[in-house]
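**Q** sequence plus the predicted model coming up.
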Amino acid sequence: MIEVIATSKLTSKQLCTLAFSCEKQPYIPGMNWNLTLPNVPKPPVSPPQPPAPDSPKLTILHISDIHIDFAYKPGSLADCPEPLCCRYGTPDSGHIGAGFWGDYRNCDLPLWTAEKILEYIAETEEFDIVYHTGDLPPHNVWNQSRADQLYAIDTITSLLKKYFPNKIFYSAVGNHESAPCNLYPTPLIKSDNLTWLYTSLADNWIQLGLPEETRSSIFRGAFYTTLVHPGLRLISLNMNYCASDNYWLLINSTDPLDQLQWLMNWLQYAEDNNEKVHIIGHHPPSSCLESFSWNFYKIVNRYENTIAGQFYGHTHNDEIIMFYDEINKTRPVSMAYLTPSLTPQSFLNPGYRIYTADGEYNSSTYWVLDHRTVIMNLTASNLFNKTIFLDEYSVKNAYKMDYLFPNDWNNFINRLLADIDGDLMGLVYQYYTKSFANGTACDHNCRQGLLCNFKTARSEMLCSNSFMIS
Ligand SMILES: [Zn+2]
Ligand SMILES: [Zn+2]
């Protein structure tokens, strides 16, 4: 932090604004940058059309934010002064200690619970591929070493290989994998680098099924592209190069490692070759520094025909975010899913998601057609001392949606806005918490804030009463 303050050209007020959200991000010349789109005219817009009912499907398991706490101690103090509890101490009489299978308070996932969830998925779910969007280590952010982070990454890779030996995992890096967490120096920073982490990520991700040819790209910046199969390209982004809590960006945030330039080049390649693209990443673009978010939004606008899905994590909640036409601001051009976390931190049930997408055939849209969220009921699991899972909801049925294209999500949000205090919006909030809470816990202002977050994928448009992103 001292090096950031000494090297950055920003004033102390600007640093405070960007690093700690002291106020809305103002116009800061040094932080504003603008990428030029490839000099190829945007093709006519062709919104995705519903496939024939019997067309092939692609089923995707999405897991995010596992945050396994290897030091979790049942019965220990669950209310503690540190950012992560359930590791030490004895609760005062009358206070309940950490639950055996996990705890809703500031606690991460015990290793044995993570194993039970993976075992359950392996035994009950059928899926083709896995999206795995980062945040493997626990939240003891004040005392983590590089060795601790590598232990978490290696151990979780071994678990995934054990339970899913024949599946290909498409991974993305979270903010908690570095040590200290959040800090991802760019190559401009000479005093620190991430060779130790990116070498390990390349090894682990290739062990989990990525082709060897992705190694050099992962080693360089923990982002890569590969074909899932002919016609569907996967692009995994390292969103730490956009995040305001990566303080190294306060020295220079201009498209670190040319990642967005690289993204544009690949999207143009995909357009030229009639490929559709799924983008995965950890932080949603709504939590990026303003310029990154603005450029990303512009890229999504340009390549709306090519981008067929976006999948993120990081907030731990079940959310969506919308992208609109930059000119006709009410026309949706894309949307992204924020898949809920495996960790219950904080005040959530552990969960995962299965997406059913349009599958492999000529002219497939590759858009998500339906999804189902499964949660582990932590209260019941601790009460009956066995893991209890339930299908929380299937989205088309729960929300009475015909399809899940951007226009359908926009119509859904408009339905919610028209009856913001109604039961359907209450249900959206319940699922936002993975059924820890119900709709009565979210008042009118809370509901407005939630919907505003859903409608704004661009960070400078963030809502005044938006939710904190953790
Ligand atoms: Zn997380
Ligand atoms: Zn995160």
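**A** Ah, there it is. All values derive from a computational prediction rather than experimental measurement. Ligands and ions are numbered 1, 2, ... in the order given.
**Q** let's check: the centremost residue of this structure is which one?
**A** Gly313 (1.7 Å; Cα atoms, centre = their mean).
**Q** need the contact list for that residue.
**A** By Cβ atoms under 8 Å, 6 or more residues apart in numbering, the residues touching Gly313 are Ser64, Asp65, Thr133, Gly134, Asp135, Gly174, His282, Leu338, Thr339, Ser341. All C-beta atoms are positioned from the backbone trio N, CA, C, and that covers glycine.
**Q** bridged to Leu234, which residues?
**A** Thr226, His278 (DSSP bridges).
**Q** residues near it, how many?
**A** For Leu234, the count of nearby residues is 23 (other Cβ atoms under 10 Å).
**Q** is it true that it touches Pro211?
**A** No: counting by Cβ atoms under 8 Å, Leu234 does not reach Pro211; the two are 10.9 Å apart.
**Q** list residues touching both of these two?
**A** Here Leu234 and Pro211 have Thr226 as joint contacts, going by Cβ under 8 Å, 6+ apart.
**Q** buried subset of the contacts of Gly313?
**A** Ser64, Asp65, Thr133, Gly134, Asp135, Gly174, His282, Leu338, Thr339, Ser341 (16 or more other Cβ atoms under 10 Å).
**Q** residues touching the fifth one, list them.
**A** Right, Asp135. 64-67, 174-177, 282, 313-314, 341, 343.
**Q** which residue ranges form the helices in the stretch 201-350 of the chain?
**A** With helices called from DSSP state H, counting those that start in this stretch, the stretch 201-350 of the chain shows them at 215-221, 259-272, 290-302.
**Q** ligand 1 versus the residue of the stretch 251-400 of the chain found nearest ligand 2, what's the distance?
**A** Relative to ligand 2, the nearest point of the stretch 251-400 of the chain is His314 (3.8 Å; Cβ to the ion). From His314 over to ligand 1 the distance is 6 Å, taken as Cβ to the ion, to the nearest Å.
**Q** hmm, back to that, the contacts of Gly313: which ones sit near ligand 1?
**A** When Cβ under 5 Å from the ion is applied, the members of those adjacent to ligand 1 are Asp65, Asp135.
**Q** quick one, strands of the stretch 351-470 of the chain?
**A** Secondary structure of the stretch 351-470 of the chain (DSSP state E, counting those that start in this stretch): strands at 351-358, 368-376, 389-394.
**Q** right, so of the ones you listed, which gets closest to Val228?
**A** Comparing these against Val228 with Cβ to Cβ, the closest turns out to be strand 351-358 (10.1 Å).
**Q** what strands line up against that closest one, and which way round?
**A** Partners of strand 351-358, by DSSP bridges, with direction: strand 57-63 (antiparallel), strand 368-376 (antiparallel).
**Q** pLDDT on the shortest one, on average?
**A** In this case it means strand 57-63. Strand 57-63 comes out with an average pLDDT of 98.
**Q** buried residues in it?
**A** Here strand 57-63 shows Lys57, Leu58, Ile60, Leu61, His62, Ile63 as buried, counting by 16+ other Cβ under 10 Å.
**Q** could you check whether it is close to ligand 1?
**A** No: applying Cβ under 5 Å from the ion, one finds strand 57-63 separated from ligand 1 by no less than 11.8 Å.
**Q** which residues in the stretch 101-250 of the chain form strands?
**A** Going by DSSP E, counting those that start in this stretch, the stretch 101-250 of the chain shows strands at 109-110, 129-132, 168-171, 224-229, 232-236.
**Q** now do the contacts for His282.
**A** By Cβ under 8 Å, 6+ apart, the neighbours of His282 are 64, 133-135, 172-175, 239-240, 312-314.
**Q** show me the two of these that sit farthest apart.
**A** Going by Cβ to Cβ, the pair spanning the contacts of His282 furthest: Ser64 and Asn240, at 15.0 Å.
**Q** pLDDT score assigned to the residue of the chain positioned farthest from its centre?
**A** Residue farthest from the centre of the chain, counting by Cα atoms, centre = their mean, is Ser93 at 38.9 Å. The model reports Ser93 with a pLDDT of 90.
**Q** which residues of this protein lie near ligand 2?
**A** Asp135, Gly174, Asn175, His314.
**Q** may I see those residues organised as CSV, with pLDDT and distance to Lys329 added?
**A** Converted to CSV, the residues of the chain next to ligand 2 look like this (pLDDT from 0 to 100; distance: Cβ to Cβ, whole Å):
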residue, pLDDT, distance to Lys329
Asp135, 98, 33
Gly174, 98, 32
Asn175, 97, 31
His314, 98, 26
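**Q** and the residues you listed as a markdown table, adding distance to Thr113?
**A** Listed next are those as a markdown table, based on distance: Cβ to Cβ, whole Å:
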| residue | distance to Thr113 |
| --- | --- |
| Asp135 | 16 |
| Gly174 | 19 |
| Asn175 | 22 |
| His314 | 21 |
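**Q** and which of the residues you listed is nearest Asp325?
**A** Distances from Asp325 to the residues of the chain next to ligand 2, taken by Cβ to Cβ, are shortest for His314, at 25.9 Å.
**Q** who's in contact with that closest one?
**A** 64-65, 133-135, 174-175, 239, 282-284, 287, 338, 469-470.
**Q** how about the contacts of Gly313 in CSV, adding distance to Leu249?
**A** Below are those laid out as CSV (distance: Cβ to Cβ, whole Å):
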residue, distance to Leu249
Ser64, 23
Asp65, 22
Thr133, 20
Gly134, 18
Asp135, 19
Gly174, 16
His282, 15
Leu338, 22
Thr339, 25
Ser341, 24
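**Q** which residues touch the closest residue to Ala398 other than its chain neighbours?
**A** Leaving out its chain neighbours, the residue that sits closest to Ala398 by Cβ to Cβ, 6 or more residues apart in numbering is Leu427, at 6.8 Å. Contact partners of Leu427, counting by Cβ under 8 Å, 6+ apart, are Ala398, Tyr399, Gly439.
**Q** which of the residues you listed count as buried?
**A** Applying 16+ other Cβ under 10 Å to these flags Tyr399, Gly439 as buried.
**Q** the chain against ligand 1: which residues are in contact?
**A** Asp65, Asp135.
**Q** low-confidence regions, the chain specifically.
**A** 1-6, 8-30, 460-470 (pLDDT under 70).
**Q** hang on, Trp33 packs against Ser293?
**A** No: Trp33 is beyond contact range of Ser293, at 11.8 Å (criterion: Cβ under 8 Å).
**Q** neighbour count for those two, which is higher?
**A** Ser293 (24 against 15).
**Q** just give the nearest non-adjacent residue to that one, would you?
**A** Using Cβ to Cβ, 6+ apart, the closest residue to Ser293 is Ser459 (4.0 Å).
**Q** and that neighbour, how far from Leu289?
**A** 7 Å (Cβ to Cβ, to the nearest Å).
**Q** please apply the same query to Ile218.
**A** Counting by Cβ to Cβ, the gap from Ile218 to Leu289 is 23 Å.
**Q** please apply the same query to Leu37.
**A** 20 Å.
**Q** for Leu188, same thing?
**A** Taken as Cβ to Cβ, the span from Leu188 to Leu289 is 15 Å.
**Q** between those two, point out the one with more neighbours.
**A** A count of neighbours by other Cβ under 10 Å puts Leu289 above the other of Leu188 and Leu289, at 23 against 12.
**Q** measure how buried the residue nearest to Ser293 is and give me the count.
**A** Neighbours of Ser459 (other Cβ under 10 Å): 22.
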